[in-house]
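**Student:** with the input below, show me the fold.
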Amino acid sequence: MSELENKSEINYHSAKILHDKAHYPSVAHCSYYSCYQLFRHIWFHKMSKTDSDLKYIIDQSKNKRAERKGSHDILINEIQLYIKGNNSSDFRVINSNIMQLKRLRSSADYDDKAFLYSESLKSIELSDNLRPVLKRYLR
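**Tutor:** The predicted structure follows:
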C-alpha cells in the first residue's frame with residue numbers, strides 16, 4: 001500500500017468518526033481528500049507520472065486564459081481522461097460525483113455559513129460512490 005492509499009484510508013475513516021461526532025465541516029474535507037489522494041496515487045503509480053509532469057500541465061493551463069483551472073481540477077481531469085479511455089461507466093461515476101464532493105468541501109472550508117448534517121452525510125455518500133471506482137485503478 002502506498003502512503004497516498006494509507007492517507008486516503010485514514011481520511012475516509014476520519015470522515016465517518018467526525019460525522020458521528022457532529023464535526024460536519026471536517027467531514028467534507030476528509031471525504032474529499034480521501035478521494036483526491038487516490039487520484040494522486042493513480043497519477044504516480046498507475047500512470048507513472050511525476051509532480052513535474054503535473055506542474056508542466058498546470059503551467060500550460062495558466063498560459064491559456066480561457067481555461068484557467070486549479071491544480072486539483074487539472075489532476076482530476078487528467079485522471080478522468082485516463083479512466084474514460086479504460087471504462088466509460090467508471091468515468092461516468094467519477095464525473096457525476098467528484099465535482100459535487102469538491103463543491104461541498106469548498107463550502108465547508110470557505111463559506112461563512114453552517115455546514116449541516118445532510119451536507120456531511122452527502123459528502124460521505126459521494127466518497128462512497130467514488131472510492132471503489134478509483135480503487136480499481138490502483139494496481
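**Student:** other SSEs contacting the helix or strand that contains residue 7?
**Tutor:** Residue 7 belongs to helix 3-20 when elements are defined using DSSP states H and E. Packing contacts for helix 3-20, counted by 3 or more Cβ pairs under 8 Å, 6 or more residues apart in numbering; DSSP states H and E, involve helix 24-41, helix 117-135. To be clear about C-beta, it is placed using only N, CA and C from the backbone, and glycine gets the same treatment.
**Student:** residue 115 contacts residue 31, doesn't it?
**Tutor:** No. Residue 115 lies out of contact with residue 31 (Cβ atoms under 8 Å); the separation is 11.8 Å.
**Student:** more neighbours, those two?
**Tutor:** residue 31 (31 against 21; other Cβ atoms under 10 Å).
**Student:** so that one is in contact with residue 105, correct?
**Tutor:** Yes. The pair residue 31 and residue 105 passes the contact test of Cβ under 8 Å, sitting 7.3 Å apart.
**Student:** what is in contact with these two at once?
**Tutor:** Here residue 31 and residue 105 share the contacting residues residue 123, scored by Cβ atoms under 8 Å, 6 or more residues apart in numbering.
**Student:** any idea which residue sits dead centre in the protein?
**Tutor:** In the chain, the centroid-proximal residue (Cα atoms, centre = their mean) is residue 36; its distance is 3.0 Å.
**Student:** and that residue, what does it touch?
**Tutor:** Counting by Cβ under 8 Å, 6+ apart, residue 36 makes contact with 72, 75, 76.
**Student:** which of these are buried?
**Tutor:** 75, 76 (16 or more other Cβ atoms under 10 Å).
**Student:** let's have the contacts of residue 36 in CSV, adding distance to residue 25 and pLDDT.
**Tutor:** Putting the contacts of residue 36 into CSV (distance: Cβ to Cβ, whole Å; pLDDT from 0 to 100) gives the following:
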residue, distance to residue 25, pLDDT
72, 18, 94
75, 23, 97
76, 21, 97
